[in-house]
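Visitor: Sequence unavailable; structure follows:
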């Protein structure tokens, strides 16, 4: 049985970290000896000397907290890379940016505020008013309010003068606990702070600074005191997983791009436009691997160029390693090679071909059957490689959809020239010549019986739009973008 491993971000509150470590080990029932204890890794990002330790009301405080958040991110990231099961940041001042760190390392952090709220409710079920001794900045940022109010717990803080002269002075003063002084004046100040909060009507006292439990328990009210370090330590080592702040549930889209670059820009634009968002933070996280050096797919299918499989897999691996939850590829021809690539990665690839077939079957079947019962005819404008591979025909056939393609002459002189010719689509142009060539090819498909035309090269939708012809156009890039948005938002 694998021993649990716990990672603790060190270097912020060294004395408190040691206290939590000791109390966690004391919670373990070591029936078999040392083997019963979890592995605990305390990690300090040594290369980051600036860790942020200014918590007063000076203008420098915000800048200092930025250093603190960056330091914690780096230390937590290193712990994630070491494979720990659980990550603890033993610092309530850092709680406000713990979720962002969790999302960006794709690993849960122990939700230390929820741990305290649950511990109060479990130990004192009848308690309503909680006297909380914490840092002024934590009060300002309302670190504790949401989790405590969920359990119908009302927080009682010291009055402003008592907060500064007792709590903050006891911890951060010249002879405070942060300086290693856990006897004498700091203890007297905390005793006075507890008495003050109890007089305000608190039922119990809870510490919300991890250095506060370092002073002797006798300075806290007997039977009415929750040691935050003890509660966190208990949550860390109990058999079930500790309460953790989960990373954002939205999935991350990986775009394997550069095939070509304009099509990559196009699908990114369509994802953004199809995302229901009222502000930046409501948009979906997207990772783009834009690699135009991937060998030409059509040339490879015509035995005139290097196979792109290795380069596609390398790009897919980069997206996987960067944290993408699934991959989309805005290139029709590349889908010929993706079946093999998919076998060598652990995250799914959403097929543009499959999604296009599903869309046509759902959107055009009734109309097509009214015109020609039992039959849907789709025209395909695509590269010669895509057409010859049969990648669309094989998929569309499952939906009872027949495919009609341009004549050989039209394919070479109009479609391929419109995509690869000088100053047209692949060359970065949206010229009238490109549109004219591709539109004539689409007209031929319509005259051949196509009831819908698939713009089966991701550059073609850059010059042709639905409405340019009487027969409707289907844009696989737009369909894939919408499918990616749904998947990322968990709406499949």
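Guide: Good, I have the coordinates. This is a predicted model, so every value here is computed, not measured.
Visitor: quick one: low-confidence parts of the stretch 51-200 of the chain?
Guide: For the stretch 51-200 of the chain, the stretches with pLDDT under 70 are 51-64.
Visitor: Quick one: the helices in it, in order.
Guide: With helices called from DSSP state H, counting those that start in this stretch, the stretch 51-200 of the chain shows them at 60-81, 98-105, 112-123, 136-140, 145-150, 160-162, 169-172, 185-199.
Visitor: and the fourth one, how far out from the chain's middle?
Guide: A distance of 28 Å separates the centroid of the chain from that of helix 136-140, by C-alpha atoms, centre = their mean, to the nearest Å.
Visitor: Give me the buried positions along that helix.
Guide: 136, 137, 138, 139 (16 or more other C-beta atoms under 10 Å). Backbone N, C-alpha and C define where each C-beta goes, glycine included.
Visitor: Is it correct that the second one is in contact with residue 92?
Guide: No: shown here, residue 137 and residue 92 do not form a contact pair, counting by C-beta atoms under 8 Å, at 9.3 Å.
Visitor: Looking at the buried residues of helix 136-140, which is nearest residue 86?
Guide: residue 138 (22.6 Å; C-beta to C-beta).
Visitor: dump the residue contacts of that closest one.
Guide: 92, 93, 95, 144, 208, 209 (C-beta atoms under 8 Å, 6 or more residues apart in numbering).
Visitor: how far away is it from residue 94?
Guide: To residue 94, residue 138 is 10 Å away according to C-beta to C-beta, to the nearest Å.
Visitor: now residue 312
Guide: Remark: distance between residue 312 and residue 94 (C-beta to C-beta) = 41 Å.
Visitor: And residue 255, by the same measure?
Guide: On the measure of C-beta to C-beta, residue 255 and residue 94 end up 33 Å apart.
Visitor: With residue 335 instead?
Guide: Distance from residue 335 to residue 94, by C-beta to C-beta: 45 Å.
Visitor: In this structure residue 437 contacts residue 414, no?
Guide: Yes: between residue 437 and residue 414 there is a contact at 4.5 Å, judged by C-beta under 8 Å.
Visitor: quick check: domain ranges of the protein?
Guide: The chain breaks down into these structural domains: 5-245, 253-350, 353-488 (assignment by automatic domain parsing).
Visitor: Now do the longest one: distance from first to last residue.
Guide: Distance across domain 5-245, first residue to last, is 17 Å (C-alpha to C-alpha, to the nearest Å).
Visitor: quick one on the thing from earlier: PyMOL command for the buried members of the contacts of residue 138?
Guide: To isolate the buried ones among those in PyMOL, judged by 16+ other C-beta under 10 Å, type:
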select buried, resi 92+93+95+144+208+209
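Visitor: The strand or helix carrying residue 362 - contacts with which helices or strands?
Guide: Using DSSP states H and E, residue 362 sits in helix 352-371. Under the contact definition 3 or more C-beta pairs under 8 Å, 6 or more residues apart in numbering; DSSP states H and E, helix 352-371 sits against strand 376-381, helix 391-397, strand 401-404, strand 452-455, strand 473-474, helix 476-488.
Visitor: rerun that using 10 Å as the cut-off
Guide: Counting contacts by 3 or more C-beta pairs under 10 Å, 6 or more residues apart in numbering; DSSP states H and E, helix 352-371 packs against helix 335-342, strand 376-381, helix 391-397, strand 401-404, strand 452-455, strand 473-474, helix 476-488.
Visitor: who wins for proximity to residue 168 among those?
Guide: helix 476-488 (43.7 Å).
Visitor: what packs against the closest one?
Guide: Here helix 476-488 touches strand 253-257, helix 261-273, strand 326-328, strand 349-350, helix 352-371, strand 452-455, going by 3+ C-beta pairs under 10 Å, 6+ apart.
Visitor: Those: lowest mean pLDDT?
Guide: When the helices and strands packed on helix 476-488 are compared by mean pLDDT, helix 352-371 comes last with a mean of 80.
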